[in-house]
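Participant: fold the following and give me the result.
(chains A and B)
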Amino acid sequence: MSSKGAPENRPRKGIPEGLWTRCPGCAAVLYRPELERNLFVCPKCSHHMRIGARLRLEWFLDTDSTVEIAAGISPVDFLQFKDTRRYRDRLVQAQKTTGERDALVTMTGTLNGAPVVAAAFEFAFLGGSMGSVVGERFVRACNTALEMKAPLICFSASGGARMQEALTSLMQMAKTSAALSRLARYGVPYLSVMTDPTTGGVTASLAMLGDINIAEPGALIGFAGPRVIEQTVRESLPEGFQHAEFLLASGAIDLILDRREHRNRIGRLVHLLGSSKPT
Amino acid sequence: MYLNFLDFEHPIAEIEAQLAELRRLKESGEPVDLEIERLARLSQETTQEIFANLDAWKITQLSRHPQRPYTLDYIARLFTDVEFLAGDRSTADDPALVGGVARFEGRAIVFLGHQKGRDTKEKVFRNFGMPRPEGYRKALRLMRFAERFHLPLITFIDTPGAYPGIDAEKHNQSEAIARNLEAMAELRVPILSCVIGEGGSGGALAIGVGDRLLMLQYSIYSVISPEGCASILWKSASKAPEAASTLGLTADKIYALGMADEVIVEPLGGGHRDVPALMSSVREALHRHLSELVGKTEEDLLAERMARIMHYGTYEQ
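Facilitator: Okay, here's the model as predicted:
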């Protein structure tokens, strides 16, 4: 997992705390209100800080256009999974910290006037890991997009499958990919936006299946984590390995988009793909 | 066959060593028949006792047993008219994931399977059964091939997982896996999968989405290896036995959760102790499920598969 962002800068409830924030990219001390106006992209070096799911969707979709989908679905500790702590306790704590019931938020709304369905991972919720609720919410977002014939846009930020749901979490890879296969069959566009970090089972399912694969600058994106790879191959990794720019150069993604351009550029793409009425 | 015993099988190994010694003495005319009979019975009883109480970690070790039959053993014993088809048509052929066309119980089929190596040289050649993106892409090509010729797909799962390598990432193994999951969801032929050893995470699932999932009694299927899980959650790989138990990765647990359709019972002591008996059970189970699947209309097959996939998951409304 990426080590970007000192713990004190980690988003809580989607918003870094305190009036001043140090940029993890260039170490500049930044004034919070200005940073917020800048969508938590450093005004000095353009480093993209992690942001919460709800905040991102509120920014991305037109003001007052959003309706949440599948909000009532909650996680259950159906295996009574216990490592050093109980999964149940981890869930309660994550819910308290983030204000979310699980790691994916899904909404309908408009983007520059065009109806869309949008989903965003909450990385602060157990590392944005994908379990039953994330899988089911993603599927419902797909189904809503299908009914509305509206494009689906998903912002991923995840460490992968949720180990505490064991094999069931692996099966969410199959489930989300199957929902996307149905979307593709009906010609409904799906745009995947990978943000820092997107790894493991989420990358190897819904994140890489975009009709257009987009990344935020500098985002760590991969299947295996860099540390695991280093331990396996016993050599140091190439410069910039598994970062958005590396993926662009190696052909894995279509484009890198600065967060501040998301609304306009993704909005324009959505229009070009023809699933929305021209305004 | 010279048997290879795991640590927890030590009592059996000791008896078997004594038996081997007695059989040698018998060759030279020693009157040891009664003792051989007694020890053979004891060996059988001890094995029964040990195998009646296997925990998840012991089953994990059995699933990785060095003498356990691998995909190529199944192909050789279950199929006829076998042709292996190689390559992803772009970069390479991946020896860790084999595939081809063959006949099974009279019916032409396409097969796919992970392949591990027996000796050190072959282990390296097969990359310990960990596919690279080229392997998944070859698999996808053969899935489409199966679809084109209306041939059912049979897959054998036996991999520690995807390969955490530099080139594997550079060639976007995430996309290669994801693309297979997407394709298998709507592939217009029956897909029958059988976990024969290790079902390791995304590398296993990449050929494992379909209409039926069978698991051998001493196979495992998990989102992460017990060692990996232990080092992340317990911060110590030595907690792997605890992780194995917590992950519920054994065939009976996965069957109980509704994710496997059948557990194929193995011969006493594990499939490697009686390969012909193992093969006969696997043949029977594969044939039975395949016969059911080929009888379905394409529409029903795909609707049932989609419903099955959408059913994965437990949550509160």
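
Participant: quick one: average pLDDT of stretch A:66-82?
Facilitator: The average pLDDT within stretch A:66-82 is 96.

Participant: C-alpha coordinates for it, CSV please?
Facilitator: Coordinates of each C-alpha in stretch A:66-82 appear next as CSV, following Å, rounded to 0.1, in the frame of the first residue of the first chain:
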residue,chain,number,x,y,z
THR,A,66,-27.8,13.5,-6.0
VAL,A,67,-29.9,10.6,-4.7
GLU,A,68,-28.1,7.8,-2.9
ILE,A,69,-28.6,4.2,-4.1
ALA,A,70,-28.7,1.1,-1.8
ALA,A,71,-27.8,3.1,1.3
GLY,A,72,-29.8,0.7,3.5
ILE,A,73,-27.5,-2.3,2.9
SER,A,74,-25.2,-3.0,5.9
PRO,A,75,-22.3,-5.4,6.5
VAL,A,76,-22.6,-8.5,8.7
ASP,A,77,-19.9,-10.5,10.4
PHE,A,78,-21.3,-13.7,9.1
LEU,A,79,-18.2,-15.8,9.7
GLN,A,80,-17.6,-14.4,13.2
PHE,A,81,-14.2,-13.6,11.9
LYS,A,82,-11.6,-12.8,14.5
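
Participant: are the lowest-mean-pLDDT helix or strand in chain A and chain B in contact anywhere?
Facilitator: When the helices and strands of chain A are compared on mean pLDDT, DSSP states H and E, helix A:226-233 comes out lowest with a mean of 89. Yes. Helix A:226-233 is in contact with chain B by C-beta under 8 Å from any C-beta of the partner chain, via A:228-229, A:232-233. (Each C-beta comes from the backbone N, C-alpha and C, glycine too.)

Participant: give the buried residues for stretch A:143-160.
Facilitator: A:143-146, A:150-160 (16 or more other C-beta atoms under 10 Å in any protein chain shown).

Participant: for the stretch 51-200 of chain B, which residues are neighbours of chain A?
Facilitator: B:162-166, B:168-175, B:177-179, B:181-186.

Participant: list the contacts of B:Gly208.
Facilitator: B:155, B:157, B:193, B:195, B:199 (C-beta atoms under 8 Å, 6 or more residues apart in numbering or on different chains).

Participant: and the last one, helix, strand or coil?
Facilitator: Assigned state for B:Gly199: strand (three-state reduction, DSSP: H, G, I helix; E, B strand; the rest coil).

Participant: one more: the first one?
Facilitator: The assignment at B:Thr155 comes out as strand when based on three-state DSSP.

Participant: so how many other residues sit close to it?
Facilitator: 28 (other C-beta atoms under 10 Å in any protein chain shown).

Participant: chain B: strands as residue ranges?
Facilitator: For chain B, the strands defined by DSSP state E occupy B:80-84, B:97-104, B:107-114, B:153-159, B:191-200, B:212-216, B:220-222, B:262-264, B:315-316.

Participant: can I get those in CSV with distance to A:Ala103 and mean pLDDT?
Facilitator: Formatted as CSV, the strands of chain B follow (distance: least, C-beta to C-beta, whole Å; pLDDT from 0 to 100):
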stretch, distance to A:Ala103, mean pLDDT
strand B:80-84, 42, 98
strand B:97-104, 31, 98
strand B:107-114, 30, 98
strand B:153-159, 27, 98
strand B:191-200, 24, 98
strand B:212-216, 26, 98
strand B:220-222, 21, 98
strand B:262-264, 32, 98
strand B:315-316, 12, 96
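
Participant: quick one, which of the ones you listed is nearest to A:Thr63?
Facilitator: strand B:315-316 (30.7 Å; C-beta to C-beta).

Participant: what pairs with that closest one, and is each one parallel or antiparallel?
Facilitator: For strand B:315-316, the paired strands and their directions (DSSP bridges) read strand A:74-75 (antiparallel).

Participant: enumerate the residues of the stretch 201-317 of chain B near chain A.
Facilitator: B:201-202, B:205, B:209, B:221-224, B:229, B:232-235, B:242-243, B:246-249, B:254, B:257, B:259, B:306, B:309-310, B:312-317.

Participant: buried subset of the residues you listed as a ChimeraX selection?
Facilitator: To isolate the buried members of these in ChimeraX, using 16+ other C-beta under 10 Å:
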select /B:201,202,205,209,221,222,223,224,229,233,234,242,243,246,247,248,249,254,257,259,306,309,310,312,313,314,315
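
Participant: helices - which of the residues of the stretch 201-317 of chain B next to chain A land there?
Facilitator: B:201-202, B:205, B:229, B:242-243, B:246-247, B:254, B:306, B:309-310 (DSSP state H).

Participant: want to throw those residues into a markdown table with pLDDT?
Facilitator: Output for these, formatted as a markdown table (pLDDT from 0 to 100):
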| residue | pLDDT |
| --- | --- |
| B:Ser201 | 96 |
| B:Gly202 | 97 |
| B:Leu205 | 98 |
| B:Cys229 | 94 |
| B:Glu242 | 95 |
| B:Ala243 | 96 |
| B:Thr246 | 96 |
| B:Leu247 | 96 |
| B:Ile254 | 97 |
| B:Met306 | 98 |
| B:Ile309 | 98 |
| B:Met310 | 98 |
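
Participant: close to chain B, is the longest helix along chain A?
Facilitator: In terms of residue count, the longest helix belonging to chain A (DSSP H) is helix A:166-185. Yes. Using C-beta under 8 Å from any C-beta, helix A:166-185 comes into contact with chain B via A:166-175, A:177-182, A:184-185.

Participant: residues of that helix that come out buried?
Facilitator: For helix A:166-185, by 16+ other C-beta under 10 Å, it's A:166-183.

Participant: kindly report the same for stretch A:185-197.
Facilitator: Neighbour-count burial for stretch A:185-197 [16+ other C-beta under 10 Å]: A:188-197.

Participant: dump these to JSON lines, plus pLDDT, secondary structure and distance to chain B.
Facilitator: Shown next, in JSON lines, are these (pLDDT from 0 to 100; DSSP: H, G, I helix; E, B strand; the rest coil; distance: C-beta to the nearest C-beta, whole Å):
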{"residue": "A:Val188", "pLDDT": "96", "secondary structure": "coil", "distance to chain B": "14"}
{"residue": "A:Pro189", "pLDDT": "96", "secondary structure": "coil", "distance to chain B": "15"}
{"residue": "A:Tyr190", "pLDDT": "98", "secondary structure": "strand", "distance to chain B": "11"}
{"residue": "A:Leu191", "pLDDT": "98", "secondary structure": "strand", "distance to chain B": "15"}
{"residue": "A:Ser192", "pLDDT": "98", "secondary structure": "strand", "distance to chain B": "10"}
{"residue": "A:Val193", "pLDDT": "98", "secondary structure": "strand", "distance to chain B": "15"}
{"residue": "A:Met194", "pLDDT": "98", "secondary structure": "strand", "distance to chain B": "10"}
{"residue": "A:Thr195", "pLDDT": "98", "secondary structure": "strand", "distance to chain B": "15"}
{"residue": "A:Asp196", "pLDDT": "97", "secondary structure": "strand", "distance to chain B": "15"}
{"residue": "A:Pro197", "pLDDT": "97", "secondary structure": "strand", "distance to chain B": "13"}
